[in-house]
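Student: Model the structure of this input:
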Amino acid sequence: MNRRKFIGTAAAGGLGAAFGAGRLFSAPLVLTADRTGVSTAQGELIFKPHFVQKGIGPHLLDWAYTSDENWDATYSNITAGREGVQVSDLYGVKKFGIDVRWNVEGFGYIYITADNGGEFYQLPAPGKSSELNLNFELAKSRVLRSRRRLKQLQEGGWKPSAELLGLVAISESHYEEAVKKAGDAALCASHAQPALLYAMWAGEKMELERAEYAIARRGFRQGFYLGCDARGYFQMDTEIFMERFCDAFNYATITHYLKSGYFEDFEPEEGNKQFALRTELLKVLRRRNITVEGRPLFWFYHSTTPDWLRRKSFDQVMKYVEEHTRAVVSHYGDEMYAWEVVNEFHDWANEIEVTPEQAVEITRLACEVARDTNPGVHRLINNCCPYAEYVQLKKWGEREARHHQRTPHQFMRDLVSAGVDFTITGQQLYFPYRDLQDTILLIERLEQFGRPVQLTEVGASSGPNRNSVMTDRLGFPEEPYIWHRPWDEELQADWLEGLYTLAYSKPWIEAVNWYDFLDPFAFIKNGGLLRSPQGEKKAAYERLINLQNKWRKLPQHHE
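Tutor: Now for the predicted structure:
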């Protein structure tokens, strides 16, 4: 299953829908011999779950991963199941957290990080074993983070509402009881669970309240981009498309996949580039004053990499990168605002099997040639998989990874350290199985790279409808709901509004791009803003229009 099919299925129906019942990711491939010459195994740390939930579950996914002090995913021998989450070898990492999918009834069956309240865990000495209460560790980590975060968010003058303070107080009260009952694991867990529940709700609410405060103070952002891929132009009546698209967006992307399963291949044979349809679309959009980005120059993924490119040596790839970049960037001239230089090249989409160092050099060359060809066009680096769970899977897409893997955060850090001349940091953010507080905290890590940030591809499902059930495209979920309640059109709109509000409040975020525009062509099943090519608007489309109308009423701020 490729990444896009995985994300599309999982975002709509859960990881169980993507991989079926049973032991999901139960036996991750171990490829560590090239990284460790000696044994790094330590004693075993066990996180014991207490299933205090009332529903039939599942309540704990039988797959988990570890993350380091920077919240970057790390490879380990971690396992998860009804008996607990167990880890004894981190392959050199000293301090760590665990990332598990846990059912917080009343909020969602969602990924949560336990990090010992920000102090992180360390493994026992070899031959030793230690057991912790998973329920309590999840609650402690979230409650203590909420304390720190609430204090931080108030530094700019924002004051939390009485409702938010009430949620915090309930969470703290249950947490205090859990601490008192630490000697009785089951009783402790019974208090830890509601402490976690109210901390989750409080966490999202404090982020959204603070964002609304920041937006009101900053005012309307004239230069903020709201975008979407524009291939819907070829999937529905062009007049209806342009009306719906231009009412909602001021930014568009035009795809240039060398090989594509759902749009015209851009370069089916080497040197035979298909510009005509894309040039036509660009002209139509520019006539309506839509800012346009071309994407991607390079995406070395399984489904988009032609055999003729896959067979090239590194030196031959470098020659092609130079020639292709110059030809494509020069063809469109100044009509493109930006070019997505590389897509998912952080050791995920690596069909050409280059080393991490070679990936940096390819990216450097493409950025330099793009700048030399047209200095006025921005150069964007686009990354997927924000929490980098693939590090635990040791996968390049569908292939076994042959080299040490990096998270998107580590890849960007390496590009900056190497002096690669990109101008925009891009991050995809399809519904990430995380709450909105986790989401914005992850996004905030991108500010350090000193470039404007685009949320390049975001999306969530509107859940099953009659047509998707009848055609077996998307059925009803068979596990607890992921976030707030089962996906429907209004919940899709809720998530859109929350994410866009958080993004709009950050002056260093310049754009958010929804993917995709219409069903049934959205790769996240029922993830479009329009129900069909007839152009019926979903609640999320209307919510986006309403958000823009609200922001336009604010005093104008010039970027």
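
Student: for the record, mean pLDDT for the longest helix belonging to the chain?
Tutor: The residue-count maximum for a helix in the chain (DSSP state H) belongs to helix 185-218. Mean pLDDT, helix 185-218: 98.

Student: how about it: buried residues?
Tutor: Within helix 185-218, the residues scored as buried using 16 or more other C-beta atoms under 10 Å are 185, 187-211, 213-215. C-beta here means a position set from N, CA and C on the backbone, and glycine is covered the same way.

Student: next helix or strand past that helix?
Tutor: For helix 185-218, the following helix or strand on the C-terminal side (DSSP states H and E) is strand 220-221.

Student: Give me the helices and strands touching that following strand, please.
Tutor: Secondary-structure packing of strand 220-221 (3 or more C-beta pairs under 8 Å, 6 or more residues apart in numbering; DSSP states H and E): helix 539-552, strand 556-557.

Student: what's the least confident stretch among those?
Tutor: strand 556-557 - the lowest mean pLDDT of the helices and strands packed on strand 220-221, at a mean of 75.

Student: Pick the most deeply packed of the helices and strands packed on strand 220-221.
Tutor: Greatest average neighbour count among the helices and strands packed on strand 220-221 goes to helix 539-552 (a mean of 17), per mean count of other C-beta atoms under 10 Å.

Student: Give me the distance from that one to the chain's centre.
Tutor: Chain-centre distance of helix 539-552: 23 Å, with C-alpha atoms, centre = their mean, to the nearest Å.

Student: try stretch 146-165
Tutor: In terms of C-alpha atoms, centre = their mean, the centre of stretch 146-165 is set 26 Å apart from its chain centre.

Student: Residues contacting that stretch, please?
Tutor: 118, 168, 171, 199, 202-203, 205-207, 209-210, 213-214, 437, 441 (C-beta atoms under 8 Å, 6 or more residues apart in numbering).

Student: tell me which residues of the helix or strand containing Leu164 are tucked away?
Tutor: In this structure, Leu164 sits in helix 162-180 according to DSSP H and E. By neighbour count on 16+ other C-beta under 10 Å, the buried set for helix 162-180 is Leu164, Leu167, Val168, Ile170, Ser171, Glu172, His174, Tyr175, Glu177, Ala178, Val179.

Student: Next up, the contacts around the residue most central in space within the chain.
Tutor: Against the mean C-alpha coordinate of the chain, by C-alpha atoms, centre = their mean, the closest residue is Leu429 at 3.1 Å. Neighbouring residues of Leu429 by C-beta under 8 Å, 6+ apart: Pro386, Thr439, Ile443, Leu455, Glu457, Val458, Leu499.

Student: Let me know whether my guess that it is in a strand holds.
Tutor: Yes - assigned with DSSP: H, G, I helix; E, B strand; the rest coil, Leu429 falls within a strand.

Student: Tally up the residues packed near the closest residue to Trp487 other than its chain neighbours, please.
Tutor: In this structure, Trp487 finds its nearest non-sequential neighbour in Gly463, 3.4 Å apart by C-beta to C-beta, 6 or more residues apart in numbering. By other C-beta atoms under 10 Å, 22 other residues sit near Gly463.

Student: surely Gly463 meets Trp483?
Tutor: No - between Gly463 and Trp483 there is no contact under C-beta atoms under 8 Å: 11.4 Å.

Student: Could you tell me which residues touch both of the two?
Tutor: Going by C-beta under 8 Å, 6+ apart, residues that sit against Gly463 and also against Trp483 are Leu491.

Student: sorry, back to before: does the residue nearest to Trp487 fall in a helix, a strand, or a coil region?
Tutor: Gly463 is classified as coil under three-state DSSP.

Student: so how far is Tyr332 from it?
Tutor: To Tyr332, Gly463 is 38 Å away according to C-beta to C-beta, to the nearest Å.

Student: for the helix holding Leu164, the distance to its chain's centre please.
Tutor: In this view, helix 162-180 has its centroid 30 Å away from the chain centroid, taken as C-alpha atoms, centre = their mean.

Student: avg pLDDT for that helix?
Tutor: 98.

Student: Compute the inter-axis angle for that helix and helix 185-218.
Tutor: Here helix 162-180 points in a direction 150 degrees away from that of helix 185-218 (axes from the mean of the first three to the mean of the last three C-alpha atoms, to 10 degrees).

Student: Ala370 contacts Arg379, correct?
Tutor: Yes - counting by C-beta under 8 Å, Ala370 touches Arg379, with 5.3 Å between them.

Student: Please identify every residue contacting each of the two.
Tutor: Listed contacts common to Ala370 and Arg379 are Trp339, Val341; contacts here mean C-beta under 8 Å, 6+ apart.

Student: what does the host helix or strand of Tyr111 contact?
Tutor: Using DSSP H and E, Tyr111 maps to strand 108-114. Contacts of strand 108-114 with the rest of the structure, by C-beta under 8 Å, 6+ apart, involve 14, 47, 58-59, 67, 71, 97-104, 134, 137-138, 140-142, 196, 200, 387, 432-435, 438, 479-484.

Student: Pairing partners for that strand, with directions?
Tutor: Next to strand 108-114 in the sheet, as set by DSSP bridges, lie strand 97-104 (antiparallel).

Student: right, and Phe275 touches Ser330 too?
Tutor: No - counting by C-beta under 8 Å, Phe275 sits too far from Ser330 to count as a contact (11.3 Å).
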